[in-house]
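Need a 3D model of the sequence below.
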Amino acid sequence: MHKFLFAFIVALFFNFEIYADSPVYTASVQGDFDTIYQNVHDSLENNRLFVVFQPDIGSNLANFTERWGDNYNRNKLDHIKSMVFCNAWYANEISNKDVRMTALCPLHITLIQRNGQTSINFVRPDSIAIGSDAEPVARELTTLVIKAIDEGIEAVQK
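I've put the predicted structure just below:
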């Protein structure tokens, strides 16, 4: 039992190390896409990250099935849908520190699903703001968004 627990902890640490330096945070979970989407949406809102737009990218792309032929959806994704969100306090803080970093607002996540596995992808603001006066605020915002995503996934798994 101890060997299993040790291996699990090492694997978990190794995975965090790989993604810690990645500009894109990805979390994945098995389950119904709509349920996962709604739980992540609710979690963002509960963390004061207000969803302002929800483009259904997969439905829009489906309009090009015939035109694109064999090049359409080569990864066989079942769903692609995004959430565009913002928190006014963070937008103000970032603009106070470095006006160029207003390019981060609004933020977005994209959920994709293939074979029952949903992945949530998020471009980390802290990876964009490196060296900027807004970097500490972007780091805090990144942590908050990842927390919200993880809470949304946890709600699905209950």
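
So what sits opposite the most centrally placed residue in the chain in the bridge?
Among the residues of the chain, the one closest to the centroid is residue 122, at 3.1 Å (Cα atoms, centre = their mean). When bridges are assigned using DSSP bridges, the partners listed for residue 122 are residue 25, residue 109.

For stretch 40-57, measure first residue to last.
Distance between the two ends of stretch 40-57: 17 Å, counting by Cα to Cα, to the nearest Å.

Find me the pLDDT at the residue nearest to the centre of the chain, would you?
In the predicted model, residue 122 carries a pLDDT score of 98.

Flag every buried residue along the helix or strand that contains residue 151.
Taking DSSP states H and E as the criterion, the element that holds residue 151 is helix 135-157. Residues of helix 135-157 classed as buried by neighbour count (16 or more other Cβ atoms under 10 Å): 135, 137-139, 141-142, 144-146, 148-149, 151-153, 155-156. Yep, even glycine has a C-beta here, placed from its N, CA and C like the rest.

re earlier: from residue 146, how far off is the residue nearest to the centre of the chain?
Taking Cβ to Cβ, to the nearest Å as the measure, residue 122 and residue 146 are separated by 7 Å.

returning to that earlier point: and which of the buried residues of helix 135-157 is nearest to residue 37?
residue 152 (8.8 Å; Cβ to Cβ).

Just confirm the closest one contacts residue 43, I think it does.
Yes - in this structure residue 152 lies within contact range of residue 43 using Cβ atoms under 8 Å: 3.6 Å.

Can you tell me which of the buried residues of helix 135-157 has the lowest confidence score?
pLDDT is lowest at residue 156 among the buried residues of helix 135-157; the value there is 91.

so it touches residue 34, yeah?
No - Residue 156 is not in contact with residue 34 according to Cβ under 8 Å; the separation is 10.8 Å.

For this structure, name the helix or strand with the lowest mean pLDDT.
Within the chain, no helix or strand scores below helix 2-20, which has a mean of 44 by mean pLDDT, DSSP states H and E.

Pretty sure residue 84 sits in a helix.
No - counting by DSSP: H, G, I helix; E, B strand; the rest coil, residue 84 is not part of a helix but strand.

who does it bridge with?
Residues in a beta bridge with residue 84, per DSSP bridges, are residue 53, residue 108.

Now do it against residue 27, distance only.
From residue 84 to residue 27 the distance is 18 Å (Cβ to Cβ).
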